[in-house]
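Peer 1: model the following, please.
(chains A and B)
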Amino acid sequence: MKKYMIHLNTRRCIACHGCEVHCKANKELPVGPFLCEISCTPLKMVGGVPRMEITFSTCRHCEDPLCVPVCPTNAMVQREDGIVYIDQEKCIGCMACKKACPWEIPVQNPDNGKAVKCDMCMDRLDAGLKPACISKCTTHALKLVELQSL
Amino acid sequence: MKKSVYSICGMCTVRCPIRVESQDNKITWIEGNPYQLDGALCAKGTAGVAMMNDTERPQQPLIRVGARGAGRWRKASWDEAFDFVADKLKTIKKDFGPESVVLSSRGGPWQDMYKAFIHAYGSPNYTNHDCTCGRNTHHASLSINGVGRKGFAYDIKNAKHLVLFGRDMFSALRIAENNQTLDMLENGGRLTYVDVRQTMTGVKATRFFQVRPGTDYALALGVIHQVIKKGYYDKDFLDRYVTGFDKLCTFIEEYTPAWAAKECDVKEKDILAFVEEIGQDRPNVIFHPGWNLARYSDSFYASRAMHILNVLMGNIEMKGGLFIPKGAGDCGKKGIRSIDCPKPDIKRGDGVGWEYKHFDKGPGLAHLFFSHMISEDPYPIKAWIAMRHDPFSGLPDPERQKLAMDKCDLLVSIDTNYSEFGWYSDIILPESTYLERDTPIVQQKGLKPRLTLRRKAIEPVNDTKSSCEIFTALAQRLGLEETFPFKTMEELWAWQLEPTGYTMADFDKKGFIELSDSPVFFDREKLDGQFKTPSGKIEIISEKLTSNNLPSLKPFVAPDKAPEKGMFRLIYGKVAIHTQGHTTNNPLLSELMPTNTLWVNTKQAKKLGIVSGDLVEVSSKDRSYNATVAAHVTDHVHPEAVFTTHGFGKEIPKQTRSYLAGLSDQKLMIGKLDEWDKAGGGVNLCEAFVYVKKSIRNTKRRADL
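Peer 2: The predicted model follows:
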């Protein structure tokens, strides 16, 4: 059962790209891969003020992920709480997961050739902390939402 | 071994409080101090680790072996490097006198130490970067309120309306201030933003004026006119604390909103609607008097107008308004000691205090050294020590600066990174990064003043030293131990804290010591004595300005149009990802933004045959500097202006990521080193015009194999 979601309060987000860097630094990623992304639409006049839409995108941690069954080495794993992560020991870097994903979320780490993607900082979650992007969000615009069944 | 320390970020001069985790001398996590920022940190703050691990920074002292700027260096030990600098400084003192040495820094809370060093050596010539930053605002505040720019702080969180003239606060990224502003907006507050282009700050604003470049002052005058006409000011406050209001009323009569609208390229009805909002929101309306207002030839007067608007609101010393920052004394406590040495009684080499009498003598004005150095008036300058300051990146026209620097026998760069000045200097003394160095304790004034300090999270990974260690070692070699007697940081801290009764252990819990449990406000009925003007009141007409043949209320003069077709006014600014030229080579940040672009207005671009993404050639007015960058074509920059992000176009080959990436605005500002604001002292950084044309490098043809 999917338990967590990351929500962006766009009224507070200032598109400073802090989340992208907090994530990269925490995962010690080299130049190339980003595991989350802030993107802005071009400016458009709304009520006399040029505005933009800001979106935060990362792995959706699908309920029924396409990347998991396609992985030939069972490196792509879905946890009980819905988090989909890559077991780096098992990954062979074939990138079948990326081809299976509708959003091509997994990216290759040029340092070791293996696939990487957002794992919701599950080590931090398990230690009672929040994911890096949320913990350090400059304006507290990113929030961790815990889903509840009705 | 795992370790956690509270410290202060050093990636930009905001200096946010941080908490740093490490394991076995390796940084594993940096976050905003949970007690002050609830963990919040910006991209630059996190990228501190990347700076520390970067091999493209000086890792041991370097002594120049080739020509200046040729980039030929030999490695030296610290002993040799200290002897090199000390021996040259001794010779210069003997031959030319101690006043022939300049020390410049960025400023900031630790500048007492740098200042004490150069004063103890015998020179009055301490200076900082503020002529390219807040000097106009500082002098504007002094002329009206009798206190400098830091004599007031802003309770934005509780305000109802914040007005920003060109202050792009969501790119400047003072994290606490940004969150206060967003909190204010969430509580229904309003944000009015004025700029020649749209920024992230404008995106969050409730009202946006895209003005003609150089007309901030006109807009402010139009607003003052209407505020007075509608009676939206605090009469009691004016009667009690302010002089010269009658003169303001007479002066402002001709500056109607209709006039301002025409000058600024905005609509009169928008100005009127804005003033109605102020009428509703006052007194909790904060007109931010500007930060980096070293822009136009009348920026000093624009800042004065914003200060005057605050005075009209009567928003001083109240919740949701301006407040006087409090120190230890205001909380009934004893303050810390700081390293200090009185300034030698010698004329300054930049003319401040004798040639220019109305400026704050503290740090003088850095840009005024160069012409004095070239003419050797009042005496030759033979050495320049740049303490984490890069005049070649921060001040206009570095080639002109070099003519002055070439008269020096010694150029020293103390820096964590290679700077453009450092690359030209004779010796680089590499400073440890902020994650690897301790600093003296400082007091942070505010409604709840604090003591705090920077603590090293790990031991230096290279052969680098902290600025405190560097100045102490140089002082020992120069016989200045009286000012720098401390052998260790522990000795220094204990001496600093002695009068306060606190100990270092008091920093352990939160990283700072709070000097008051609750916000300290002065009695608003008893503010007499707080305004340090000659009359003790807030003065709209300043005697100091009058006696220097400068008007207090200056008639507006419309800014120049481009001198030629194909020329545009060059406007520069910041982004949230970079700290000027300081971070453009950072491995993590350069990946996000490796180069800058040139913003060109859509209609102008059409005339020039440029579409977004095309390469454009940008040239200085004398065509001595050219750069080719991609164009960003947009409606949201004024047609008279082109905009670029400062900090790029660097020419340091060792910095492979930023080498020749993008466009340098300061190198385009030919002649602007000597064009500055005689009233405010700031450099006019937005008064340069540049040529823009489509580059021939857009070709799709291929002529070779």
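Peer 1: which residue ranges form the helices in the stretch 551-700 of chain B?
Peer 2: In the stretch 551-700 of chain B, the segments counted as helices under DSSP state H, counting those that start in this stretch are B:587-592, B:602-608, B:665-668.
Peer 1: average model confidence for the longest one?
Peer 2: Taken as a whole, helix B:602-608 has a mean pLDDT of 98.
Peer 1: buried ones in it?
Peer 2: Judged by neighbour count using 16 or more other C-beta atoms under 10 Å in any protein chain shown, the buried positions of helix B:602-608 are B:604-605, B:608. Placement of C-beta: from N, CA and C, glycine included.
Peer 1: is chain A contacted by that helix?
Peer 2: No - remark: helix B:602-608 sits outside contact range of chain A, by C-beta under 8 Å from any C-beta of the partner chain, the gap being at least 11.5 Å.
Peer 1: for the most centrally placed residue in chain A, which non-adjacent residue is spatially closest?
Peer 2: The centroid of chain A falls nearest to residue A:58 when counting by C-alpha atoms, centre = their mean (3.2 Å). Nearest residue to residue A:58, sequence neighbours excluded (C-beta to C-beta, 6 or more residues apart in numbering or on different chains): residue A:36, at 3.8 Å.
Peer 1: is the biggest helix by length in chain A in proximity to chain B?
Peer 2: Assignment by DSSP state H gives helix A:18-26 as the longest helix of chain A. Yes - remark: helix A:18-26 sits within contact range of chain B at A:18, A:20-22, A:24-26, by C-beta under 8 Å from any C-beta.
Peer 1: residue B:620: which of the residues you listed is nearest?
Peer 2: Lowest distance from residue B:620 to these (C-beta to C-beta) belongs to residue A:21, with 34.1 Å.
Peer 1: is it true that that closest one touches residue B:590?
Peer 2: No - Residue A:21 lies out of contact with residue B:590 (C-beta atoms under 8 Å); the separation is 11.6 Å.
Peer 1: more neighbours: which of those two?
Peer 2: Between residue A:21 and residue B:590, counted using other C-beta atoms under 10 Å in any protein chain shown, the more crowded position is residue A:21 (29 against 22).
Peer 1: quick check: closest non-adjacent residue to the closest residue to chain A within the stretch 601-705 of chain B.
Peer 2: Nearest residue of the stretch 601-705 of chain B to chain A (C-beta to the nearest C-beta) works out as residue B:636 at 5.1 Å. In this structure, residue B:636 finds its nearest non-sequential neighbour in residue B:198, 3.8 Å apart by C-beta to C-beta, 6+ apart.
Peer 1: if we can go back for a sec, number of nearby residues for the residue nearest to residue A:58?
Peer 2: 22.
Peer 1: make sure residue B:382 is actually in contact with residue B:404.
Peer 2: No - Residue B:382 is not in contact with residue B:404 according to C-beta under 8 Å; the separation is 11.4 Å.
Peer 1: would you map the strands across the stretch 1-150 of chain B?
Peer 2: B:2-8, B:17-23, B:26-32, B:62-64, B:73-75, B:101-105, B:126-128 (DSSP state E, counting those that start in this stretch).
Peer 1: wait, which of these is closest to residue A:108?
Peer 2: strand B:26-32 (24.5 Å).
Peer 1: sheet partners, orientation included, of the longest strand along chain B?
Peer 2: Counting residues, the longest strand found in chain B (DSSP state E) is strand B:626-634. With DSSP bridges as the test, strand B:626-634 is paired with strand B:598-601 (parallel), strand B:615-619 (antiparallel).
Peer 1: between these, which one is nearest to residue A:69?
Peer 2: Per C-beta to C-beta, nearest to residue A:69 of these: strand B:615-619, 46.8 Å.
Peer 1: against residue B:368, how distant is the closest residue to residue B:98 other than its chain neighbours?
Peer 2: Spatial nearest neighbour of residue B:98, excluding adjacent residues (C-beta to C-beta, 6+ apart): residue B:122 at 2.8 Å. According to C-beta to C-beta, to the nearest Å, residue B:122 stands 21 Å off from residue B:368.
Peer 1: likewise residue B:273?
Peer 2: From residue B:273 to residue B:368 the distance is 43 Å (C-beta to C-beta).
Peer 1: now the helices: where do they sit in chain A?
Peer 2: Counting by DSSP H, the helices of chain A are A:18-26, A:67-70, A:96-100, A:122-126, A:132-135.
Peer 1: which ones are touching the residue nearest to residue B:98?
Peer 2: B:93, B:97-99, B:344, B:346 (C-beta atoms under 8 Å, 6 or more residues apart in numbering or on different chains).
Peer 1: nothing else from me, thank you.
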